[in-house]
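> need a structure here:
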Amino acid sequence: MHMTDEVVVLAETRTSVELRAVTDWASTAHPGAPVRRPDDVDFDALPPSTMLVPVRPVWLPAVRQGERRVTLGDVLVLSNPRRPVGLVQPLIRGRRPDSLRVVEGAPATIAELRERYARDLAEGAPFGKYVAVQASLSAERAERQIIGDRYKVPQLVAEQVSSSARFQAGAAKLAAELGRPTETVVAEAVDKLSGFVATQSRLMDDVFSATFDRLHERAWHVTVDLDTLNTLRTLNKSTGLVFLPSHRSYVDPLVLAKVLRSNDFPPTLVLGGNNLSFWPVGPVARRAGMIFIRRKFGSDPVYKFAMRSYLSYIVEKRFNLEWYIEGGRSRTGKLRKPMMGLLNYVVDAVTQLDSGDVTIVPTSIVYDQLQEIGAMAAEDAGGAKKPEGIGWLLRYAKAQRSYLGEARVRFGTPFSLRSALDDAGEGRARLEKVAFRVMDEINSATPISATSLAGFALLGAPDRAYTLAEIEAILVPLLDYIARRGLPGPDPARCRGVGLTQTMRVLAGNGVVSCFDGGSEPVWSIVPDNRAVAAYYRNGALHHFVNRAIVEVNMLAVAEGEVRATGDYATDEGLLAVAQREALRIRDLLKFEFFFPVKDEYFHRLAAELDLIAPEWRERIPTQEWTYEVLHGHTGALLARRTLQPFFDAQLVAATRLVQLGTAACDKADLIADCLGLGSQLSLQGIVRSKDSVSKDLYDGAYRLADNRDLIHGEGVTDLLAARQEWLDEVNLMRDRLARIAEIEDIQPALGQRDAR
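Coordinates of the predicted model:
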């Protein structure tokens, strides 16, 4: 077919009803222009000046509760209101004339399309196929003006990625490196690309949300930071957003998706482990934007290449992306170490594109209560993780039927990835600096819940039962500290009176505490076997307290002469410099447990804590008398023992075990298993003071610290046993300081020793 018309309307139609609607529309919008389906046009035969106008018929579902949305009921009767079958289309138009509309995408001439084709596609790719894809994408963008950005989904992804010049050149380079024919590497990469690309559809997005939103809608009332959300909506008009949330629950992606969908954000493409790709979740989730990937694929270069190519496409086209940078759910309540692989791929995509960039959105999701905590605490104590499957899903859904309180979605300060890379400089630590910035922002945005604060208070108090009045008395100085710091704290009403009773009942409902009401008034205590669950709640707040805890330990060390100045207080060799060195030593011991900023910012934060605890500190020499006076003045609000004890107890166990091994090397799994046994023993003996420190996760952090100090295999260490003993001595010194702070806390009258009148 040869046409010389100046304008051609390209219509994506499936039925005669749709074609008639487009033809009627074109008779007014483009009089005299022929209406053709893309497959019926020979684009190579058209003159360069021919204008192509992409057009698409759009079917809209009926309005239900103020919203046009496909329901699960539509699917069950095999009906898709967004793509009704041809037989029922005349009936739908007759009943609802507004159900079918025609949208026009941005037009382009043949000459313009050939210029873009030469720039973007590999040599030999069919021009006609390229035009059809571009017409479809342009019509899809016009369609979103009617249906909303929440339905912005990538179309024809595998075809676009695999036909690009960048993909073909990259595959040829990889083939040369592997010594394989280019065509076989291309074929394997395309096959793997097709295996994990999310083939999103609007129908499946609606079905997925209608089905799986029930896993959280009845369990939690979701609150969100609307101010930052509005800022993100503005940013999303010019840049793709990469959401990097904390990972506490299987429902995290559902909660965040509902928040974004309700505020008309384009759906995020969610990268997740293929352990959740089982039927029926996998097939539906993949069509709703979930990208299931292997947990590990470093040994498969073609898979890595396909994944890099896909992420480059997502960055270039400014689609929103989401993954859980910890690599798995937190089993202790605090953030796990960041996994760098996917972040590295996105960094590659940004740096390879001349103007490429994304906005990183650190995201915090926390819950008043989680049904999953018991199982995660058991895994952390050495139990086996149960595999996911249909039976697991049904049990999980059943557990979500009762109301569990609030789920809070908060955002850290968004930042440009390209700018963050520039700030991080060059070198091996560049990516790590960006990742630690993400984690620090997540921590800063994470609110302290009433359940977290109650767990912190009770685990840090002597092991006995407390009345509500006593618990409230413990919480008062903590709430005061939170208010003075301006931290995102709990509603104070949830920490006193009737509100505190409700908070304790939430913890009791999850087996964390028990209530004895057979006496003159109810008393509450932590269930002995569930201290790890209580620690999960507590640990969600610890990062807000760690700098204050370090200040307290450091003040005590300087006051008691454990670290000494050699010169004048005002000089570099004076007490200030000594105190800073000691603060850095403590930070180094805890660097695998908390996310600390760079040195200057770290000192700035410590100074801010000193301003609160001792405003006059800049003018005073920290004598023992003055320091003890300051610490005694904050009894009830001293945080060091309650914050740091579990971590130094875990290091005590790991260091003790390494000393027991002499100079023998050890395997990580064997050492952690040994630590679980030794830790339980030392806990029973009363040597380990924090029972919840018997934890695989905490021993993993201790192992990484030992490995960082070359204490595992002894490479570069002259006397391995002496070096291991030196670490043990250092840990014992820190535990002694915590014990002395505990003595200061005990100077006040015991809360339980009031007149029983």
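> ok, and the helix or strand in this structure with the lowest average confidence?
Within the chain, no helix or strand scores below helix 72-76, which has a mean of 50 by mean pLDDT, DSSP states H and E.
> measure Asp648 to Asn554 for me?
I think there's a mix-up here, since residue 648 is Phe and not Asp. 14 Å (C-beta to C-beta, to the nearest Å). For glycine as for every other residue, the C-beta is placed from the backbone atoms N, C-alpha and C.
> ok, then the element right after the least confident helix or strand of the chain?
helix 89-95 (DSSP states H and E).
> ok, and what's touching that following helix?
Outside helix 89-95, the residues that touch it by C-beta atoms under 8 Å, 6 or more residues apart in numbering are 15, 17-18, 59, 84, 99-100.
> Just the buried ones out of those, please.
Using 16 or more other C-beta atoms under 10 Å as the burial test, the contacts of helix 89-95 include 17-18, 59, 84, 99-100 as buried.
> shouldn't Gly701 be in contact with Asp649?
No - Gly701 is not in contact with Asp649 according to C-beta atoms under 8 Å; the separation is 12.0 Å.
> Tell me which of those two has more neighbours.
A count of neighbours by other C-beta atoms under 10 Å puts Asp649 above the other of Gly701 and Asp649, at 26 against 23.
> Am I right that that one falls within a helix?
Yes - judged by DSSP: H, G, I helix; E, B strand; the rest coil, Asp649 forms part of a helix.
> That one and Ser690 touch, don't they?
Yes - the pair Asp649 / Ser690 is scored as a contact, 4.7 Å apart, by C-beta under 8 Å.
> Pull out the buried residues from stretch 545-563.
545-559.
> cool, stretch 526-543 as well?
Buried, per 16+ other C-beta under 10 Å, within stretch 526-543: 526, 530-543.
> what's the answer for stretch 182-190, then?
In stretch 182-190, counting by 16+ other C-beta under 10 Å, buried: 185-186, 188-190.
> What of stretch 110-120?
110, 113-114, 117.
> and the host helix or strand of Arg531, average pLDDT?
Per DSSP H and E: Arg531 is located in helix 531-542. For helix 531-542, the mean pLDDT works out to 90.
> How many residues are close by Asp674?
Neighbour tally, Asp674, other C-beta under 10 Å: 19.
> Could you say which helix or strand holds it?
Applying DSSP H and E, one finds Asp674 within helix 668-684.
> Not counting sequence-adjacent ones, nearest residue to the spatially most central residue of the chain?
Taking C-alpha atoms, centre = their mean, the centroid of the chain lies closest to Pro245, which sits 2.0 Å from it. Distance criterion C-beta to C-beta, 6 or more residues apart in numbering; nearest residue to Pro245, sequence neighbours excluded, is Thr363 at 3.8 Å.
> so what does the host helix or strand of the one you found touch, helix or strand wise?
Take DSSP H and E as the rule and Thr363 turns out to sit in strand 358-367. For strand 358-367, the packing partners by 3 or more C-beta pairs under 8 Å, 6 or more residues apart in numbering; DSSP states H and E come out as helix 226-235, strand 240-245, helix 252-262, strand 405-411, strand 415-416, helix 417-424, helix 430-445.
> For that strand, what does the pLDDT average out to?
Mean predicted lDDT for strand 358-367 stands at 95.
> do stretch 240-257 as well
90.
> How far does it stretch from one end to the other?
Across stretch 240-257, the terminal residues are separated by 16 Å (C-alpha to C-alpha, to the nearest Å).
> Met307 - how many residues pack around it?
Met307: 23 surrounding residues under other C-beta under 10 Å.
> That one: which element?
helix 301-316.
> Contacts for that helix, please.
Helix 301-316 is contacted by residues 154, 157, 160-161, 164, 166-167, 170-171, 174, 177-178, 185, 188-190, 192-193, 196-197, 240, 269, 291, 293-294, 297-298, 321, 342, 345-346, 348-350, 352-353, 356, 358 when judged by C-beta under 8 Å, 6+ apart.
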